[in-house]
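> what shape does this take:
(one chain, ligands or ions: 1)
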Amino acid sequence: MQNLFKSLVIEENPDGSFSSSIKKKSISDLPVGELLIKVSYSSLNYKDALSVSGVKGVTKSYPHTPGIDAVGIVEHSETEKFKIGDEVIVSGYDLGMNTSGGFGQYIRVPNKWACHLPNGLSALDSMVIGTAGLTAGLSAYELEKLNGIEDRKAVVTGATGGVGTFAIKILSILGAKITAITSKKDCKGFLKSLGADKIILRDDFLNSVRKPMNKGTWEIAIDAVGGDILSGLIPSMKYGGTIACCGNVAGPNFEASVYPYILRANRLIGIDSAESPIDKKKKIWNLFGKEWKMNDLQKLFKSVSINEIMPEINKTLSGNQIGRVVLNHKQ
Ligand SMILES: NC(=O)c1ccc[n+]([C@@H]2O[C@H](COP(=O)([O-])OP(=O)(O)OC[C@H]3O[C@@H](n4cnc5c(N)ncnc54)[C@H](OP(=O)(O)O)[C@@H]3O)[C@@H](O)[C@H]2O)c1
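Numbers count the residues shown, from 1 in each chain. Have a look, this model is predicted:
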């Protein structure tokens with residue numbers, strides 16, 4: 001075990017701004033926990049970008065190392081559930097929020113946050129999927145129970161982002177007919193290659209919506225955007241349709257009337273991956289290793305070193321990220 005390790009550290013400056021640097025931290029700087037894990041890969045999620053920006057709803061105190069996802073090898077364990085050398089995934093709970101996260105080469109966490117890397121999934125693939133994929137997976141899991149997915153007319157928003165990309169991939173594997181809503185004119189080919197049948201540009205969608213009731217077009221929706229896009233989706237669902245609401249890149253507030261609920265029996269359900277019970281997370285990770293196995297993940301991500309992560313974080317904050325970014329600690 002090496003005592004000093006590299007970490008991205010975010011600090012709050014006296015003028016209230018935030019700055020980032022790569023620092024050497026010591027294992028003794030890490031919080032208490034039963035598992036010490038040498039992180040091989042982490043991934044970049046929108047929440048990490050908020051933590052880097054000093055959003056106190058995500059991270060209350062600084063200096064801090066973000067990274068809500070990590071996969072790695074157990075180097076010290078105080079529980080029989082995990083042995084030294086086990087390969088484990090940790091995602092969500094408090095990791096990277098107020099607990100030093102995967103943008104450092106080591107994490108120490110409670111054992112109840114970890115699960116074994118499932119058969120059929122490599123460490124790298126698990127971080128290509130990461131929290132974004134897990135969230136898309138949880139959304140699809142709930143929609144399958146409520147409406148079914150095969151042959152359903154589905155819509156995915158924020159389509160080129162992390163959640164959107166995996167939402168399209170999973171819904172496509174499960175046989176839905178998918179419309180992708182995106183702001184990026186030049187990404188139609190990418191979205192088709194994921195499995196989207198139809199692509200609508202964000203502004204065209206927003207201009208087409210009539211409120212309080214629009215033409216009922218979709219049976220299921222995965223919405224990672226919120227704001228005015230969600231306000232437009234709510235009146236656009238078919239009778240009995242369900243929207244899985246999982247993100248807020250366009251803002252936390254939306255407009256709605258009761259009509260879609262009382263005239264079309266629509267449902268708006270909330271999805272949270274961070275505090276999801278670990279057994280449910282395991283179920284979704286296992287699906288990614290078997291029924292949802294994807295053999296083309298290499299086209300969905302770019303791999304960066306810790307020295308290259310800041311420009312990617314800025315791209316995420318400006319809404320210009322496409323697919324997923326994996327932080328490779330061996331790079
Ligand atoms: N509920 C949960 O447990 C959970 C877990 C993970 C993430 N999330 C949330 O899900 C959202 C997406 O996360 P992500 O990791 O997929 O982020 P991401 O990779 O940055 O993707 C977000 C995508 O949303 C679209 N977008 C960005 N800014 C927008 C704006 N102002 N208005 C409309 N669309 C915009 C863009 O796609 P297009 O250009 O293709 O439209 C962008 O690529 C975030 O709000 C995140 O906090 C929630």
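
> C-alpha only now, for contacts and for neighbours.
Noted.

> ranges for the helices of the stretch 151-300 of the chain?
If DSSP state H, counting those that start in this stretch is used as the criterion, the helices of the stretch 151-300 of the chain fall at 162-173, 188-194, 202-208, 227-233, 259-263, 278-289.

> against which helices or strands is the first one packed?
It refers to helix 162-173. helix 123-146, strand 153-157, strand 177-182, helix 188-194, strand 218-223 (3 or more CA pairs under 8 Å, 6 or more residues apart in numbering; DSSP states H and E).

> quick one on the thing from earlier: from the helices of the stretch 151-300 of the chain, which stretch is densest packed?
Highest mean neighbour count of the helices of the stretch 151-300 of the chain: helix 162-173, a mean of 27 (counted as mean count of other CA atoms under 10 Å).

> identify the residues contacting that one?
45, 129, 132-133, 135-137, 139-140, 149, 154, 156-159, 178, 180, 191, 194-196, 222-224, 292, 300, 322-324 (CA atoms under 8 Å, 6 or more residues apart in numbering).

> now do 7 Å
Under the criterion CA atoms under 7 Å, 6 or more residues apart in numbering, residues 132-133, 135-136, 140, 149, 156-159, 194-196, 222, 224, 292, 323-324 lie in contact with helix 162-173.

> stretch 273-281 too?
92, 93, 113, 134, 135.

> highest neighbour count among those?
Most neighbours among the contacts of stretch 273-281, by other CA atoms under 10 Å: residue 135, with 28 neighbours.

> that older thread, what about the ligand: which of the contacts of stretch 273-281 touch it?
residue 135 (CA under 6 Å from any ligand atom).

> tell me the two of the contacts of stretch 273-281 that are most distant?
Spatial extent of those (CA to CA) is set by the pair 113 and 135 at 16.1 Å.

> and the pLDDT for residue 226?
The per-residue pLDDT reported for residue 226 equals 98.

> I'd like the distance between residue 196 and the ligand.
12 Å (CA to the nearest ligand atom, to the nearest Å).

> list the contacts of the residue at minimal distance from the centre of the chain.
The C-alpha lying nearest the average C-alpha coordinate of the chain belongs to residue 132 (CA atoms, centre = their mean; 1.7 Å). By CA under 7 Å, 6+ apart, the residues touching residue 132 are 45, 162, 163.

> then residue 39 would be within a helix, right?
No: Residue 39 is assigned strand when assessed by DSSP: H, G, I helix; E, B strand; the rest coil, not a helix.

> identify the residues contacting it.
Counting by CA under 7 Å, 6+ apart, residue 39 makes contact with 70, 71, 72, 73, 102, 105, 106.

> mind listing what's buried in stretch 17-34?
By 16 or more other CA atoms under 10 Å, the buried positions in stretch 17-34 come out as 20, 25, 27, 30.

> over to the first one. Which of the three states is it?
Here residue 20 is strand, with the state taken from three-state DSSP.

> next: the second one.
In terms of secondary structure, residue 25 is strand; the call rests on three-state DSSP.

> pairing partners for it in the sheet, please.
residue 5 (DSSP bridges).

> would you confirm that it contacts residue 3?
No: if you go by CA atoms under 7 Å, residue 25 and residue 3 don't touch, sitting 8.3 Å apart.

> and residue 321, how far is that from residue 296?
Here the criterion is CA to CA, to the nearest Å. By it, residue 321 lies 19 Å from residue 296.

> with residue 139 instead?
Shown here: residue 139 relative to residue 296, a distance of 21 Å by CA to CA.

> these two: which is more packed in?
Using other CA under 10 Å as the criterion, residue 139 and residue 296 rank with residue 139 on top: 27 against 8.

> so what's that one closest to, chain neighbours aside?
residue 244 (5.8 Å; CA to CA, 6 or more residues apart in numbering).

> next one: residue 106
Distances taken as CA to CA, 6+ apart put residue 38 closest to residue 106, at 4.7 Å, once the chain neighbours are dropped.

> for the stretch 1-150 of the chain, which residues are neighbours of the ligand?
Counting by CA under 6 Å from any ligand atom, the stretch 1-150 of the chain sits next to the ligand at 45, 46, 47, 131, 132, 135.

> quick one on the thing from earlier: could I get the helices and strands packed on helix 162-173 as CSV with distance to residue 237 and mean pLDDT?
Output for the helices and strands packed on helix 162-173, formatted as CSV (distance: least, CA to CA, whole Å; pLDDT from 0 to 100):
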stretch, distance to residue 237, mean pLDDT
helix 123-146, 14, 98
strand 153-157, 10, 98
strand 177-182, 13, 98
helix 188-194, 22, 96
strand 218-223, 5, 98
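
> a markdown table for the ones you listed, including distance to residue 55?
Shown next, in a markdown table, are these (distance: least, CA to CA, whole Å):
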| stretch | distance to residue 55 |
| --- | --- |
| helix 123-146 | 19 |
| strand 153-157 | 24 |
| strand 177-182 | 26 |
| helix 188-194 | 31 |
| strand 218-223 | 22 |
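
> to residue 207, which of these lies closest?
Residue 207 lies closest, by CA to CA, to one member of these: strand 177-182, at 12.8 Å.

> and the closest one, which strands flank it?
Counting by DSSP bridges, the strands paired with strand 177-182 are strand 153-157 (parallel), strand 198-201 (parallel).
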